[in-house]
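# Next comes the sequence, and after it the predicted model I'd like to discuss.
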Amino acid sequence: MSTQMPTPGPQCRSVSSSPFLLSNIPYSNHAPSLFFGLGSGHPFANYWTNRGGLPEVIGVLPSRDQADILVAKYFDAVDPVYPMIHRRNFYADYERFWSLPLSEKQVADPVLLALHFVVYAMGTQFTQMPSEQERAQMAGFYASASHQALRLSSYLSRTSLRTIQAMVLVCYFLMNDNHASDAWAFGGVLMRQAYAMGLNRDPDIISQRCSRSDKQQRRKVWQAVLFQDTFLTVLLKLPPTGIFSDVRVDSLTDDLDENIMNGNPSNGAQDPVINPMSISNIAPMSDPHPPHEISDRQYIRSMWHLANLVQKTVCTPRSLSNPLTNSMPNKANLISSYNELFKSFPANMTVSDHQAIAGLSSTNPRLLRQNLFFRSNYWHCVMIIQADVNEARGVTCDVRGALEAARMALASFLDFWEFLRVDASVWWVFQHRAFEEALLMARILSVQDQPLSTADLSQSPASEPLSMLARADVRRTLEILELVGSSAPEMQKTRTDVLRSAFEEIPW
């Protein structure tokens, strides 16, 4: 049972935008505001001329061998966490494109090029190179090419599943490239386009002519958009936008007896007619689904259920700086609803035992990535609720509950660093959650003048095992954050300075 303690001051409050985020509240003035303290320059370098068109973008393609490496890295590091691209269809389109002569490449679908280039950009971010600067420049170059291809496709007025997939990945690229402000703004356009093409609507209602496979693909892509919007909103403490949908989570079933639309130019779009020249007819496969398809769908549904709850209980009230609960019983009931949802998730999503995590790292790194992202997001949100304060209604910070949830969330980052260090050094969202978790613990500990146990109030907080473990976690997080983010030294310095100052305020 969590112990309710008196509120240890404003440091425990989690509603405000500024304490835990490197952000500035935009004031009404004539000078432009840098909302989040990041990304002051335009994120896409301009290598393009007015008349170059698609041939100019084609001209900067990597070699085929390099492209193969980057695509493989994308499906290894990124696809497990955001499984929204139909891999077999992607590779069918990919092989077809690379087999074209140059003259035909130059008149290809620009959205296809946009998706390919952002996959190259993301793959580059997770590829080890001798120089961090070289990796960032190469990834940025591919991202700029992706954005140029989107521009040539008139993506602001025309959209498709491919367009949405490319835009989702552009947002994650921008976050990892320390352009959180740009990612937030670009994500707004993405959400409008997703709404415009009806991704938020039940495909059984509005896309009845679609094959079952296409409907499932639409659900996967909508979940990716919703996932991104919800959990970026948690970090930035801004209003959620993906709140209007009638797509049921459980409509994404485990039924694999579907009409697989390989070779479809929209990677699972809306035409239910079988193409006799599709890859499945030219080169039929005994099993068109990857072996991890079922576990991917379980992961998608888990994150989807969590996102729906988080939007309602965390994102919406915090977007107006409102308390999350209006009484202590209300807080207990909200935590109970999170606990009940947690129990409903597959065990492989929630397991946190170090030995089990070590086993996954060697036997199933794809599932490990999904486990880490799920645990990080879930426990981070529980921490926010436990730390919430509503002084007017007598709601205090649950110190023990907040510390325990923060440690559970932070454990996923420490596991990430131990077993998948390259990945952990790239994902901005993961690093920033870890920063907020460590900062919250440091600020709670700095004002804690008695042990959490009420057995002997004369003892120092240093005698409390939970306090000592939390302090050690803060120290370890600070050590890691001093090593990551060297490609953005200003961000790295700000994070570490803020966390170090908070750590030094702990009086024991």
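Right, received. Where do you want to start?

# contacting residues for Val170?
Val118, Ala143, Ser146, His147, Leu150, Phe186 (CB atoms under 8 Å, 6 or more residues apart in numbering). Heads up, the C-betas are built off the backbone N, CA and C, glycines and all.

# how about a cut-off of 7 Å?
Val118, Ala143, Ser146, His147, Phe186 (CB atoms under 7 Å, 6 or more residues apart in numbering).

# Reformat those residues as JSON lines; add pLDDT, distance to Ala77 and secondary structure.
Formatted as JSON lines, the contacts of Val170 follow (pLDDT from 0 to 100; distance: CB to CB, whole Å; DSSP: H, G, I helix; E, B strand; the rest coil):
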{"residue": "Val118", "pLDDT": "98", "distance to Ala77": "14", "secondary structure": "helix"}
{"residue": "Ala143", "pLDDT": "96", "distance to Ala77": "16", "secondary structure": "helix"}
{"residue": "Ser146", "pLDDT": "97", "distance to Ala77": "17", "secondary structure": "helix"}
{"residue": "His147", "pLDDT": "96", "distance to Ala77": "21", "secondary structure": "helix"}
{"residue": "Phe186", "pLDDT": "95", "distance to Ala77": "21", "secondary structure": "helix"}
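
# could I get the residues you listed as CSV with neighbour count?
Formatted as CSV, those follow (neighbours: other CB atoms under 10 Å):
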residue, neighbour count
Val118, 28
Ala143, 26
Ser146, 28
His147, 26
Phe186, 20
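
# just the residues you listed now: which is nearest Gly53?
His147 (14.6 Å; CB to CB).

# Touching, the closest one and Phe44? I think so.
Yes - with contact defined as CB atoms under 7 Å, His147 counts as touching Phe44 (4.5 Å).

# Can you point out the buried residues in stretch 105-112?
Lys105, Ala108, Asp109, Pro110, Val111, Leu112 (16 or more other CB atoms under 10 Å).

# farthest pair in these?
Counting by CB to CB, the most remote pair of the buried residues of stretch 105-112 is Lys105 and Val111, 14.2 Å apart.

# Which is the succeeding secondary structure element to the lowest-mean-pLDDT helix or strand in the chain?
Sorted by mean pLDDT, DSSP states H and E, the helices and strands of the chain end with helix 279-282, the least confident at a mean of 42. Next helix or strand after helix 279-282 toward the C-terminus (DSSP states H and E): helix 293-310.

# where's that next one relative to the chain centroid, distance-wise?
Chain-centre distance of helix 293-310: 13 Å, with CA atoms, centre = their mean, to the nearest Å.

# tell me which strands and helices it is in contact with?
helix 212-236, helix 328-344, helix 365-387 (3 or more CB pairs under 7 Å, 6 or more residues apart in numbering; DSSP states H and E).

# Can you lay out the ones you listed as CSV showing mean pLDDT, mean neighbour count and distance to Glu404?
Converted to CSV, those look like this (pLDDT from 0 to 100; neighbours: other CB atoms under 10 Å; distance: least, CB to CB, whole Å):
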stretch, mean pLDDT, mean neighbour count, distance to Glu404
helix 212-236, 95, 24, 19
helix 328-344, 97, 14, 11
helix 365-387, 98, 24, 8
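
# Format those as a markdown table; extra columns: distance to Met129.
Putting these into a markdown table (distance: least, CB to CB, whole Å) gives the following:
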| stretch | distance to Met129 |
| --- | --- |
| helix 212-236 | 27 |
| helix 328-344 | 39 |
| helix 365-387 | 21 |
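
# one step back: list just the nearest of the buried residues of stretch 105-112 to Phe503.
Nearest to Phe503 among the buried residues of stretch 105-112, with distances taken as CB to CB, is Val111, at 47.2 Å.

# which SSE is that closest one in?
Going by DSSP H and E, Val111 is in helix 110-125.

# which residues touch that helix?
54, 57, 62, 67, 70-71, 73-74, 78, 93-94, 97, 135, 138-139, 142-143, 145-146, 149-150, 152-153, 160, 162-163, 165-166, 169-170, 172-173, 176, 426.

# can you list the weak-confidence ranges in this structure?
Residue ranges of the chain with pLDDT under 70: 1-42, 257-288, 449-461, 485-488.

# list the contacts for the residue lying closest to Pro323 once chain neighbours are set aside?
Using CB to CB, 6 or more residues apart in numbering and skipping residues adjacent in sequence, the residue nearest Pro323 is Asn390, 3.5 Å away. By CB under 7 Å, 6+ apart, the residues touching Asn390 are Pro323, Thr325, Asn326.

# how close does the closest residue to Tyr378 other than its chain neighbours get to Ala143?
Spatial nearest neighbour of Tyr378, chain neighbours left out: Leu306 (6.0 Å); criterion: CB to CB, 6+ apart. Distance of Leu306 to Ala143, given as CB to CB, to the nearest Å: 29 Å.

# what about the helices in the stretch 51-200 of the chain?
With helices called from DSSP state H, counting those that start in this stretch, the stretch 51-200 of the chain shows them at 53-58, 64-77, 87-99, 102-105, 110-125, 132-152, 161-176, 180-196.

# quick one on the thing from earlier: please save the CA atoms from the helix holding Val111 in CSV.
Provided in CSV are the C-alpha atoms of helix 110-125 (Å, rounded to 0.1, in the frame of the first residue of the first chain):
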residue,chain,number,x,y,z
PRO,A,110,6.9,11.2,-54.8
VAL,A,111,5.1,9.9,-51.6
LEU,A,112,6.9,6.6,-52.1
LEU,A,113,10.2,8.4,-52.2
ALA,A,114,9.2,10.4,-49.1
LEU,A,115,8.6,7.1,-47.2
HIS,A,116,11.8,5.6,-48.4
PHE,A,117,13.9,8.6,-47.5
VAL,A,118,12.5,9.0,-44.0
VAL,A,119,13.1,5.2,-43.5
TYR,A,120,16.7,5.9,-44.5
ALA,A,121,16.9,8.8,-42.1
MET,A,122,15.6,6.8,-39.2
GLY,A,123,17.8,3.9,-40.1
THR,A,124,20.8,6.3,-40.1
GLN,A,125,19.9,7.6,-36.6
